[in-house]
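Visitor: need a 3D model of the sequence below.
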Amino acid sequence: MSRILFVRHAESVANACGITMPNNEIPLSEAGIQAARGLAEKLPAEPALVLVSRALRTQQTARPYCDRTGAVPVVEPLLDELSIICPSLIQGMDGVQRRQVVRPLWEEPDPHRRAGPRADTFMEFQERVRCFADERLGQLPSGTVIFGHGIWCGMLQWQQEGHWADDAEGVLAFRHYQQELRMINCGLVRF
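Guide: Got it, this is the predicted structure:
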């Protein structure tokens, strides 16, 4: 039986309510950098494979671990987080201001809505996670360590339980599920 370890990235500047920037360019905060260093010592000494999303924060979280183990991280676009709103629509906002803009997208969800040109629809995100589960997950060697995003991991778990959202009610059901399982930064899940 394969064992895959999923690690949520360490605290990013966005998690610390920093100013909005493009999703994949958000770096770790100073606290996140320190947490990633501490985490590296607690993970398996010999990973079979290390995967990261295209987001800088997952790559920065993996870096101390890869330095310790000699692993070379592989960027996997299917691991990318849900980008629910285009950064240009929330540019320059801090975390409190961002939440005021994003909250209505979750309160009145439309799985096909695209909130700006560089945003995902919920359906695209859901399909991306499904593609990873169907096409990649079963092929990964036991001992793989994945550095990714909490909402992505929540979607994988939700889908593994047989759920799928194709209407507003389904999106709300996922949101409730994901908030109940909310992963902390540097949180771990075994698959």
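Visitor: only C-alpha atoms for contact and neighbour calcs from this point on.
Guide: Noted.
Visitor: and the residue nearest the centre of the chain, backbone torsions?
Guide: Residue closest to the average C-alpha location in the chain (C-alpha atoms, centre = their mean): residue 149, at 1.7 Å. Backbone torsions for residue 149, taken as degrees, to the nearest 10, come to phi -120, psi 150.
Visitor: could you do residue 99 as well?
Guide: The phi and psi values for residue 99, taken as degrees, to the nearest 10, are phi -60, psi -40.
Visitor: for residue 26, grab the count of nearby residues.
Guide: Using other C-alpha atoms under 10 Å, residue 26 has 19 other residues around it.
Visitor: from what I can see it touches residue 58, true?
Guide: No - in terms of C-alpha atoms under 8 Å, residue 26 does not count as a neighbour of residue 58; the distance is 9.6 Å.
Visitor: who's in contact with residue 128?
Guide: 78, 79 (C-alpha atoms under 8 Å, 6 or more residues apart in numbering).
Visitor: doesn't it lie inside a helix?
Guide: Yes - assessed with DSSP: H, G, I helix; E, B strand; the rest coil, residue 128 lies in a helix.
Visitor: okay, it and residue 57: tell me how far apart.
Guide: Here residue 128 is placed at a distance of 19 Å from residue 57 (C-alpha to C-alpha, to the nearest Å).
Visitor: all helices of this structure, in order?
Guide: 30-40, 56-69, 87-90, 95-107, 122-135, 150-160, 168-180 (DSSP state H).
Visitor: looking at those helices, which is closest to residue 20?
Guide: Smallest distance to residue 20 across the helices of the chain (C-alpha to C-alpha): 6.6 Å, for helix 87-90.
Visitor: how many other residues sit next to residue 182?
Guide: Residue 182 - counted by other C-alpha under 10 Å - has 14 other residues nearby.
Visitor: what sits closest to it if chain neighbours are left out?
Guide: What sits nearest to residue 182 in space, not counting adjacent residues and going by C-alpha to C-alpha, 6 or more residues apart in numbering, is residue 150, at 6.8 Å.
Visitor: likewise for residue 122?
Guide: Using C-alpha to C-alpha, 6+ apart, the nearest residue to residue 122 is residue 111, at 4.7 Å.
Visitor: how close does the one you found sit to residue 51?
Guide: Look at residue 111 and residue 51: by C-alpha to C-alpha, they are 28 Å apart.
Visitor: can you check residue 98 too?
Guide: Counting by C-alpha to C-alpha, the gap from residue 98 to residue 51 is 29 Å.
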